[in-house]
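Participant: Pasted the sequence and its predicted model underneath.
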Amino acid sequence: MQNPSMRNLFMQYLGLPSEAPMGFEASRADGVFIYNKDGEKFYDLVSGVSVSNLGHQHPEIVQAVKDQIDKHMHLMVYGEFVQPVQVELAELLIENLAGNLNSVYFVNSGSEAIEGAMKLAKRYTGRSEIIAFKNAYHGSTHGALSLLGDETFKRNYRPLLPDIRQLRFNVKEDLQQITGKTAAVVLEPIQSEAGICIPDDDYLRNLRQRCDETGTLLVFDEIQTGFGRTGKLFAHEHWNVIPDILCIAKAFGGGMPLGAFVANKQVMDSFKTNPMLGHITTFGGHPVSCAAALANLKILLRDDLISQVEAKAALYFSHLKHPKIKKVWGKGLFIGIELETPEEAAKVMAIGVRIGFITDLFLFKPNAFRIGAPLIITENQIMETIKLIHQALDEL
Ligand SMILES: Cc1ncc(COP(=O)(O)O)c(C=O)c1O
């Protein structure tokens, strides 16, 4: 009898979130490429969903991870021991943030960053209402799910958190619903899973103003838009609007699992008393993840990759032209390609996995697929990926 394939074992032994996973059989990755089990290379146009902004296996990140492992791995639950790698990372991050964002609480993931931000806002303001937005995605734990802007994915988990209110994204009139009862407004400055929704120029400023009027904390979820993806270190810099709490994860860890929420120290200190231990996390700020993140952030700043994002994105905007494409839009290297139907978008994904590129869909915009290539992608590689995408579209 033949041995069962790895794919069959994957389907049998792993808990999976869908009936039809991509099922790509990866063997290794390097730069902008992921290799399948036969050693064939595929362009990674998703970056592990906005994670691998410096590509895969960046040698300096790999070295930093190895060096840290040689020193130590986990020592103690988060926040008790002084671990230099955490401190250095927090310091460098803070140096590169505007405003009063000067205290970093390390966690494991994006969802946990959102949980921490919601809890912190409740503690600091003494209020319970939290406002989020239609078509928002903030993660899959119960708190983050309570903010999700779509009923289909929430329905089976109710009752969720009470006192959550959903506004329409980018609708100025709705901002009046933010009141003195609102602890926090949680918003992605560019909505990701809604299909890269970019707000009008004055929207975030109006939102900031309304939060200031009502004493509400403004929380930005930059878990997907952070670390250069949109052409700035953080997307909120496009509008010069600074949040009270910034949530980060994904590309933060340079390929390792890491999240954080960042706030002003005075706000953050609400976790320390009455009672203490406002948020507890064993692995938050894991030293190996922090070592990867520190190397990642240093490279991102040193190599001036972020300033090249716009020119690279412009190649996609000017050269992606095909009768099947209804629209190409986005911010930086966070690009959506709209087709006629969800079936067409799914088919492009399937063809890509055959001819040499990996893409993904959006949770709330099924007739589109995304390009979120590693920021290190070269101009020649971009032109090659455009050719491949056109080839896939020809096959529709
Ligand atoms: C905007 C946004 N927020 C939060 C999350 C949740 O992050 P994680 O999957 O690390 O919990 C995601 C993940 O896709 C996201 O895109």
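Facilitator: Here it is on my side, so go on.
Participant: pretty sure Y105 belongs to a helix, no?
Facilitator: No - using DSSP: H, G, I helix; E, B strand; the rest coil, the assignment for Y105 is strand, not a helix.
Participant: The residue in the chain that the ligand sits nearest to: what's it in contact with?
Facilitator: Relative to the ligand, the nearest point of the chain is G110 (2.2 Å; CB to the nearest ligand atom). (Glycine included, C-beta is placed from N, CA and C.) By CB atoms under 8 Å, 6 or more residues apart in numbering, the residues touching G110 are H138, G139, A144, D221, I223, Q224, C247, I248, A249, K250, G259.
Participant: Need the phi and psi values for it.
Facilitator: When read as degrees, to the nearest 10, the backbone of G110 gives phi -70, psi -50.
Participant: same question, N102
Facilitator: According to degrees, to the nearest 10, N102 has phi -130, psi 20.
Participant: same thing with L217?
Facilitator: Residue torsions, per degrees, to the nearest 10, at L217 are phi -80, psi 130.
Participant: picking that back up, among the contacts of G110, which are in helices?
Facilitator: A144 (DSSP state H).
Participant: now the contacts of G110 in CSV, with distance to V62?
Facilitator: What follows is the contacts of G110, written out as CSV (distance: CB to CB, whole Å):
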residue, distance to V62
H138, 31
G139, 28
A144, 31
D221, 29
I223, 24
Q224, 24
C247, 27
I248, 22
A249, 20
K250, 19
G259, 21
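Participant: which ones among the contacts of G110 come in contact with the ligand?
Facilitator: H138, G139, D221, I223, Q224, A249 (CB under 6 Å from any ligand atom).
Participant: Kindly give a single ChimeraX line that selects the buried subset of those residues.
Facilitator: A single ChimeraX command selects the buried members of these (16 or more other CB atoms under 10 Å):
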select :138,139,221,223,224,249
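Participant: closest to H322 among the ones next to the ligand among the contacts of G110?
Facilitator: Of all the ones next to the ligand among the contacts of G110, H322 sits closest to Q224, with 26.2 Å by CB to CB.
Participant: Okay, the residue of the chain closest to the ligand and S192: tell me how far apart.
Facilitator: 11 Å (CB to CB, to the nearest Å).
Participant: So for those two, which residues contact both of them?
Facilitator: Jointly contacting G110 and S192 under the rule CB under 8 Å, 6+ apart are Q224.
Participant: right, and G39 touches A26 too?
Facilitator: No - counting by CB atoms under 8 Å, G39 sits too far from A26 to count as a contact (11.2 Å).
Participant: For stretch 331-350, measure first residue to last.
Facilitator: Counting by CA to CA, to the nearest Å, you get 25 Å between the two ends of stretch 331-350.
Participant: just how off-centre is that stretch within its chain?
Facilitator: 18 Å (CA atoms, centre = their mean, to the nearest Å).
Participant: List the buried residues for it?
Facilitator: Buried residues in stretch 331-350 (16+ other CB under 10 Å): 331-339, 344-349.
Participant: and those residues near the ligand, which?
Facilitator: Applying CB under 6 Å from any ligand atom to the buried residues of stretch 331-350, none is adjacent to the ligand.
Participant: So which of those are in helices?
Facilitator: Secondary structure defined by DSSP H assigns E344, A345, A346, K347, V348, M349 of those to helices.
Participant: Without its sequence neighbours, what residue ends up closest to the fifth one?
Facilitator: I take that to be V348. A392 (5.0 Å; CB to CB, 6 or more residues apart in numbering).
Participant: how close does the one you found sit to T230?
Facilitator: A392 is 25 Å from T230, by CB to CB.
Participant: between those two, which one's more packed in?
Facilitator: T230 (28 against 24; other CB atoms under 10 Å).
Participant: Name the helix or strand for the more buried one, please.
Facilitator: Assigned by DSSP states H and E, T230 belongs to neither a helix nor a strand.
Participant: Point out where the protein drops to low pLDDT.
Facilitator: Low-confidence segments of the chain, defined by pLDDT under 70: 1-3.
Participant: Please parse it into its domains.
Facilitator: If you go by automatic domain parsing, the domain ranges for the chain are 6-54+305-394, 59-302.
Participant: What separates the first and last residues of the longest one, distance-wise?
Facilitator: End-to-end distance of domain 59-302: 15 Å, with CA to CA as the criterion.
Participant: for it, the distance to its chain's centre please.
Facilitator: In terms of CA atoms, centre = their mean, the centre of domain 59-302 is set 10 Å apart from its chain centre.
Participant: re earlier: most packed of the domains of the chain?
Facilitator: domain 59-302 (a mean of 20; mean count of other CB atoms under 10 Å).
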